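Trainee: Mind folding the following:
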Amino acid sequence: MIVGYLRALKNWIKLDLFYLGKSRKHLIFRMKKWNRDLEKIFKKPIYDENYDEIGRIKDIFGPVDLPFISISTNKSLEFDPNLSVYAKIS
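Mentor: All right, here's what the predicted structure looks like:
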């Protein structure tokens, strides 16, 4: 049971984001740390600290080493850009 739980936690990553502002439909962030493995988060849902889904990554764009991330949030939620945000990589 514990082994399965630990394997499930390995699929979660904390996104190190810096909030830049809001576009018409999305929130725009800059990644503080980036590596090529993080490309797997494209079009994935994002979660808050309680692992409740708060939105989805819509686009990754800009410079290859520190790209921008566009996030579409659930309309029914009030999103605080200073929250810790997580993504699940399968």
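
Trainee: the helices in this protein, which residues?
Mentor: With helices called from DSSP state H, the chain shows them at 2-10.

Trainee: In it, where's the longest strand?
Mentor: strand 53-61 (DSSP state E).

Trainee: Show me which residues of that strand are buried.
Mentor: Neighbour-count burial for strand 53-61 flags Ile54, Gly55, Arg56, Ile57, Ile60 (criterion: 16 or more other CB atoms under 10 Å). (Each C-beta comes from the backbone N, C-alpha and C, glycine too.)

Trainee: ok, it: who's next to it in the sheet?
Mentor: In the sheet, strand 53-61 lines up against strand 45-47 (antiparallel), strand 68-73 (antiparallel) (DSSP bridges).

Trainee: helices and strands of the protein: which one bottoms out on pLDDT?
Mentor: Least confident helix or strand, the chain: helix 2-10 with a mean of 50, by mean pLDDT, DSSP states H and E.

Trainee: one step back: let's have the strands paired with strand 53-61 in TSV, adding distance to Ala87.
Mentor: What follows is the strands paired with strand 53-61, written out as TSV (distance: least, CB to CB, whole Å):
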stretch	distance to Ala87
strand 45-47	5
strand 68-73	10
